[in-house]
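**Q** structure here, sequence nowhere to be found:
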């Protein structure tokens with residue numbers, strides 16, 4: 001994934017946008033990009049930023065649940081391909 005794509009994935013996580021996270025993860029899979037790069041630069045960055053927002057009192061339980069849904073959608077798309085390569 002390129003920098004703009006990982007930034008979009010991070011933003012989808014922060015926004016709790018399950019469909020966008022799933023769409024971006026599928027695009028990643030189709031491109032053959034490194035799953036670790038996508039997870040570290042997109043998913044993990046989104047989780048860090050979402051956590052910071054929670055720590056600052058900017059997000060609450062409903063938003064945290066949405067973030068979890070976006071992460072779950074992205075991982076469900078990435079994990080089958082990653083485990084098949086092992």
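**A** Nice, thanks for sending it over. None of the values given here were measured: they were computed from a predicted structure.

**Q** could you pull out the helices for the protein?
**A** Under the criterion DSSP state H, the chain contains helices at 3-15, 18-31, 35-38, 44-55, 61-85.

**Q** flag every buried residue along the third one.
**A** Residues of helix 35-38 classed as buried under the neighbour-count rule (16 or more other Cβ atoms under 10 Å) are 35, 38. C-betas here are computed from N, CA, C, even on glycine.

**Q** mean confidence for it?
**A** Here helix 35-38 scores 78 as its mean pLDDT.

**Q** so where's this protein shaky on pLDDT?
**A** Judged against pLDDT under 70, the low-scoring parts of the chain cover residues 1-4, 78-86.

**Q** can you pull up the most central residue in it?
**A** By Cα atoms, centre = their mean, the chain has its centre lying nearest to residue 43, at 3.5 Å.

**Q** how close does that residue sit to residue 8?
**A** Residue 43 sits 12 Å away from residue 8, going by Cβ to Cβ, to the nearest Å.

**Q** go on, residue 50?
**A** Taking Cβ to Cβ as the criterion, residue 50 is separated from residue 8 by 15 Å.

**Q** higher neighbour count, those two?
**A** Using other Cβ atoms under 10 Å as the criterion, residue 50 and residue 8 rank with residue 50 on top: 24 against 20.

**Q** for the more buried one, what are its contacts?
**A** Under the criterion of Cβ atoms under 8 Å, 6 or more residues apart in numbering, the contact partners of residue 50 comprise 13-14, 59, 63-64, 67.
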